[in-house]
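Participant: I need the structure of the sequence given here:
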Amino acid sequence: MGAGELRVGGITAFTATDFPGKLAAAVFIQGCPWRCGYCHNPHLQLRQHGPLTWDSVMALLVRRADLLDGVVFSGGEPTMDPALPDAMVAVREMGLAVGLHTACIYPRQLKAVLPMVDWVGFDIKAPFDAYQRVTGVFGSGEPARACMEMIVDSGVAHECRTTLHPALLSEAEVEALAGTLADAGVRNYAIQTFRAQGCADAGLNATAGVVMGEAALARIAARFESFVLRPA
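Facilitator: This next block holds a predicted model:
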């Protein structure tokens, strides 16, 4: 399957926030096997043919190439698309940097594209033995752990992110997770507070609240080269 069949679910023509230090286009890929309750892109969970094609996206990128520093592939889960490697090659051939957002679902597919990636933003959603609580999928913590280790070992620039909701993760669990990540070699960490925008789970929307106290956040921040608390 070539990049012409990439299942594109949307595109943001210019973004200064999705690829650190770059003015980028964000290409959103359809499909995700997990069903995280706080997902704010549930419309991208299914794999389907939409109004956008990769050819039309490439035409847009060519027109704006002089204005862009890079392209970040997001989702959904972009690594599930077999056309992703070809799409990344096409972007690199334009002289643009390649970024990737991944939920760390597919270690084999991630391994195939990591050599083409200049930066990766990856989600670690919970302590690995508690992953099912967030994803709804038994055993989902193991591929997440494998992907995290692969990213760290590759040396690629990265940011690890965890989204917080008090019904899903306690303060103690978040602090323990941060320790696990730091011990594994993660250097840049972001905690994202839950946001209701786009979330289809009425229960989570109704029970959002403060998860972390300032003392716990300070202890977490001390373990990383960079740490940020931001809206999801």
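
Participant: Low-confidence ranges, this protein, go.
Facilitator: 1-4, 39, 166, 194-211, 231-232 (pLDDT under 70).

Participant: all strands of this structure, in order?
Facilitator: Remark: strands assigned in the chain by DSSP state E are 8-15, 24-29, 70-75, 97-102, 119-123, 157-164, 188-193, 226-231.

Participant: Need the contact partners of the third one.
Facilitator: Just to be clear, that refers to strand 70-75. By Cβ atoms under 8 Å, 6 or more residues apart in numbering, the residues outside strand 70-75 that reach it are 9, 15, 18-19, 22-32, 41, 44, 61, 84, 87-88, 91, 96-103, 118-119, 121. (Each C-beta comes from the backbone N, C-alpha and C, glycine too.)

Participant: cool, and the fourth one?
Facilitator: Residues lying outside strand 97-102 but in contact with it, judged by Cβ under 8 Å, 6+ apart, are 18-19, 22, 24, 69-75, 77-79, 88, 91-92, 110, 113, 116-123, 147.

Participant: how about 7 Å then?
Facilitator: The contact list for strand 97-102, computed with Cβ atoms under 7 Å, 6 or more residues apart in numbering, reads 19, 22, 24, 69-75, 77-79, 88, 91-92, 110, 113, 116-122, 147.

Participant: got it, and stretch 170-177?
Facilitator: Here stretch 170-177 has contacts from 124, 126, 127, 130, 162, 164, 211, 212, 213, 216, 219, 220, using Cβ under 7 Å, 6+ apart.

Participant: now those residues: which count as buried?
Facilitator: Taking 16 or more other Cβ atoms under 10 Å as the criterion, what is buried in the contacts of stretch 170-177 is 124, 126, 130, 162, 164, 211, 212, 220.

Participant: rewinding a little: okay, the contacts of stretch 170-177 in CSV with distance to residue 189 next?
Facilitator: Converted to CSV, the contacts of stretch 170-177 look like this (distance: Cβ to Cβ, whole Å):
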residue, distance to residue 189
124, 9
126, 14
127, 15
130, 18
162, 8
164, 12
211, 15
212, 13
213, 17
216, 13
219, 12
220, 7
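
Participant: Can you tell me which of those is closest to residue 153?
Facilitator: Minimum distance to residue 153 across the contacts of stretch 170-177 is 15.2 Å, recorded for residue 124 (Cβ to Cβ).
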